[in-house]
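Participant: coordinates only, sequence not included:
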C-alpha cells in the first residue's frame with residue numbers, strides 16, 4: 001500500500017516506551033493529527049475529533065491542504081463545528097495506516113514492518129495516544145470531545161481514563177461496548193482477509209502479494225452494514241446493469257446495480273488501507289466493553305465518566321451501532337450527573353448518516369456546541 005499523508009498533517013511522538021493495555025509496548029511511536037482555528041489565550045476552546053476505523057486526520061480543508069476532508073461539511077468557518085470559535089484537533093487512530101503508528105509502520109527494533117509483531121491493540125490504547133496529542137498542544141481540558149462510530153468508543157475510553165479531560169462530549173453513532181451482531185460482521189470481515197492466500201499470515205507486500213480479494217470482501221461486508229435496507233431499496237431497487245456492464249463471461253457475475261456499486265466501492269478501498277491495520281482496529285472494537293470498568297455492568301462503567309454536558313446522537317436505521325447503544329450512552333452519562341440529551345434521528349442512511357446527512361446532523365451538533 002502506498003501511503004498518502006496529506007501535507008497539512010503534523011505528528012506527535014508518543015512517550016517511549018508507550019505501554020499497551022493488553023501487553024507489549026511501542027517505541028518511538030507517533031500520532032498524526034491536523035488542526036483548524038486558533039487556540040485562545042485561556043486554552044479552553046479546543047474540540048477534539050476522534051474518528052471511525054478508516055478516516056485519516058484530514059477532517060476538513062485547511063491552509064496546509066485545501067483538499068476537502070472526510071467531514072468537510074461539518075468543520076470550518078461558520079460550519080457546525082465552527083473554527084472561527086473553536087480550535088479543532090483531529091487525530092488519526094493509533095494502529096491506522098494513515099500517518100499514525102500501526103502494523104504497517106516500520107518497527108524501529110527490526111527495520112521492517114511490524115505486521116503481526118505489532119502489540120495487541122485496544123480502544124483504550126487509541127484513547128491514551130489521542131490524550132498525549134492534546135496534552136502536547138498545551139490543552140489541559142477540552143471544551144468538547146467528539147467521537148464518531150469507533151471514535152465514539154475511543155471518546156468514552158478517553159473520558160473514563162482521563163478524568164476532567166473534557167467539559168462536554170458528543171457521541172455520534174458510537175457505543176459503550178460491542179454487540180454480538182457487530183462482532184459477527186467484523187469477524188467475517190477479518191476471516192475474509194485471513195483466508196486470502198496472499199495475506200500469508202500477515203507477511204505480504206504491496207506489489208506482488210497483497211490480499212486484494214479478501215480486502216474487497218471485507219469492505220463489501222462493511223459497506224452493507226454502513227447503510228440501511230431502506231436506502232439500498234430506494235437507491236438501487238432491482239435495477240439491472242446494462243448488457244455492456246455485465247460480467248457475462250463470469251459465472252454468477254455482476255448483474256444488478258447494487259452489486260456494481262459494492263464492487264466499485266471495494267476496489268477504491270483496497271490498496272488504500274493496510275490489511276493488518278484493518279484487522280487490528282476491527283478487533284479492538286470487538287474487545288471494547290465499559291462493563292469491564294463497572295464490575296460487569298456497562299451503566300456502572302459509564303457512571304464513572306465525568307462531563308458537564310453530553311449529546312448522544314443515533315440513527316434509527318443504523319444496524320451496526322443500533323440506536324439503543326446511543327440511548328445506553330445517554331442514560332449512563334445522565335446517571336453520572338451530566339446534563340445529557342439523546343437525539344434519535346430518522347435518517348435513511350444508516351450508520352454512515354453522520355458523513356452524508358449533514359442536513360440532520362449539522363444543526364444538532366451546531367446547537368449543542370453553541371450552548372457551551
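Facilitator: On my side now, so go ahead. Keep in mind that what you see is a predicted model, and the values were worked out from it rather than measured.
Participant: contacts only, for the residue nearest the centre of the chain.
Facilitator: When Cα atoms, centre = their mean is applied to the chain, the residue found nearest the centroid is residue 52 (0.9 Å). Contact analysis of residue 52 by Cβ atoms under 8 Å, 6 or more residues apart in numbering lists 148, 149, 150, 151. No exception for glycine: its C-beta is placed from N, CA and C like everyone else's.
Participant: inside helices: which ones of these?
Facilitator: The helices, defined by DSSP state H, take in 150, 151 from these.
Participant: please enumerate the helices of the stretch 101-250 of the chain.
Facilitator: Using DSSP state H, counting those that start in this stretch, the helices found in the stretch 101-250 of the chain span residues 123-136, 150-161, 180-194, 212-226, 229-236.
Participant: pull the residues that contact the first one.
Facilitator: The list of residues contacting helix 123-136 from outside it, by Cβ under 8 Å, 6+ apart, reads 12, 14-15, 18, 20-21, 29, 31, 33, 46, 48, 50, 89, 91, 93-95, 100, 142, 150, 153-155, 157-158, 161-162, 165, 284-285, 287-288.
Participant: filter those residues down to the buried ones.
Facilitator: Among the contacts of helix 123-136, those that count as buried by neighbour count (16 or more other Cβ atoms under 10 Å) are 12, 14, 18, 20-21, 29, 31, 33, 46, 48, 50, 89, 91, 93-95, 100, 142, 150, 153-155, 157-158, 161-162, 165, 284-285, 287-288.
Participant: for the chain, which segments count as strands?
Facilitator: With strands called from DSSP state E, the chain shows them at 10-13, 18-19, 25-26, 30-36, 46-50, 75-76, 81-82, 87-91, 144-148, 168-172, 309-315, 339-345.
Participant: so can I have JSON lines of those showing distance to residue 361?
Facilitator: Formatted as JSON lines, the entries for those read as follows, by distance: least, Cβ to Cβ, whole Å:
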{"stretch": "strand 10-13", "distance to residue 361": "27"}
{"stretch": "strand 18-19", "distance to residue 361": "33"}
{"stretch": "strand 25-26", "distance to residue 361": "34"}
{"stretch": "strand 30-36", "distance to residue 361": "18"}
{"stretch": "strand 46-50", "distance to residue 361": "13"}
{"stretch": "strand 75-76", "distance to residue 361": "12"}
{"stretch": "strand 81-82", "distance to residue 361": "11"}
{"stretch": "strand 87-91", "distance to residue 361": "16"}
{"stretch": "strand 144-148", "distance to residue 361": "10"}
{"stretch": "strand 168-172", "distance to residue 361": "7"}
{"stretch": "strand 309-315", "distance to residue 361": "7"}
{"stretch": "strand 339-345", "distance to residue 361": "7"}
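Participant: ranking the helices of the stretch 101-250 of the chain by mean neighbour count, which comes first?
Facilitator: The densest packing among the helices of the stretch 101-250 of the chain, expressed as mean neighbour count by mean count of other Cβ atoms under 10 Å, is seen in helix 150-161 with a mean of 27.
Participant: contacts for that helix next, please.
Facilitator: For helix 150-161, the external contacting residues (Cβ under 8 Å, 6+ apart) are 49-53, 93, 123-124, 126-128, 130-131, 145-147, 165-166, 169, 171-176, 281, 284-285, 288, 290, 293, 301-302, 304-307, 321, 329.
Participant: picking that back up, farthest-apart pair in the contacts of residue 52, please.
Facilitator: Within the contacts of residue 52, two members stand farthest from each other by Cβ to Cβ: 148 and 150, at 7.8 Å.
Participant: what do the two both touch?
Facilitator: With contacts defined as Cβ under 8 Å, 6+ apart, the residues shared by residue 148 and residue 150 are 51, 52, 174.
Participant: now the last one. Nearest residue, chain neighbours left out?
Facilitator: Taking Cβ to Cβ, 6 or more residues apart in numbering as the measure, residue 174 lies nearest to residue 152, with 1.3 Å between them; neighbours along the chain are not counted.
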